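Visitor: model the following, please.
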Amino acid sequence: MIDVSHSIEIDRPADEVFGFVSEFPNNPRWQRGQRSCRWTSEPPLRVGSTYEQHARFLGRDMVNSFRVIEHEDGRRVKFTSTGGSFPITVTRTVEPLGDSRSRFTEHVEGEPGRFFRIAAPLLRPLVKASIKRDFPRLKALLEQR
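Guide: Model (predicted):
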């Protein structure tokens with residue numbers, strides 16, 4: 001079982017941070033393992049929205065489909081995989097820390113699929129390291145806007 005959370009403070013208003021991290025086609029801009037991401041449902045973002053992403057993890061190309069299962073506009077979005085080789089659920093939360101600063105938190109939970117089951121003991125630290133590596137990139141990208 002994987003259960004990892006990480007947070008970072010960003011010098012941008014919470015609504016801007018949430019707007020960026022909840023627009024999933026932005027994922028490849030700040031997550032190194034992401035190759036592409038596209039909506040498979042019509043906007044706007046809401047419970048039931050779907051998207052597909054192509055990623056590379058542990059040397060393996062993966063295609064995963066996701067569905068939004070919770071959405072609190074400007075604050076929180078939770079989505080879960082509906083197909084693919086690595087079943088996960090991700091919660092992204094943005095908290096305001098004043099008018100122009102916010103805290104972004106990502107919580108990842110999952111069970112390794114068939115291929116990744118053999119690497120299960122390594123997955124938690126690898127997922128944590130991946131998230132920690134991506135967050136400074138997100139911060140820099142948003143703060144230069």
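Visitor: only the buried residues of stretch 95-114, if you could.
Guide: Across stretch 95-114, burial judged by 16 or more other Cβ atoms under 10 Å covers 95-96, 102, 104, 106-110, 112. (Each C-beta comes from the backbone N, C-alpha and C, glycine too.)
Visitor: which of these fall in strands?
Guide: 95-96, 102, 104, 106-110 (DSSP state E).
Visitor: give the residue spans of the chain that score low on pLDDT.
Guide: Within the chain, the stretches with pLDDT under 70 are 58, 84-85, 112-122.
Visitor: hey, C-alpha coordinates of the lengthiest strand in it in PDB?
Guide: If you go by DSSP E, the chain has its longest strand at strand 60-72. Taking Å, rounded to 0.1, in the frame of the first residue of the first chain, the C-alpha atoms of strand 60-72 are listed here in PDB:
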ATOM      1  CA  ARG A  60       7.700   1.600 -17.900                       C
ATOM      2  CA  ASP A  61       5.300   3.600 -20.100                       C
ATOM      3  CA  MET A  62       1.800   3.700 -18.700                       C
ATOM      4  CA  VAL A  63      -1.600   5.000 -19.800                       C
ATOM      5  CA  ASN A  64      -4.100   5.600 -17.000                       C
ATOM      6  CA  SER A  65      -7.600   6.900 -17.100                       C
ATOM      7  CA  PHE A  66      -8.900   9.000 -14.200                       C
ATOM      8  CA  ARG A  67     -12.300  10.200 -12.900                       C
ATOM      9  CA  VAL A  68     -12.900  13.100 -10.500                       C
ATOM     10  CA  ILE A  69     -14.700  11.800  -7.400                       C
ATOM     11  CA  GLU A  70     -14.700  14.900  -5.200                       C
ATOM     12  CA  HIS A  71     -14.500  18.600  -6.100                       C
ATOM     13  CA  GLU A  72     -14.600  21.700  -4.000                       C
END
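Visitor: which parts of it are buried?
Guide: Result for strand 60-72 [16+ other Cβ under 10 Å]: buried residues 62, 64, 66-68, 71.
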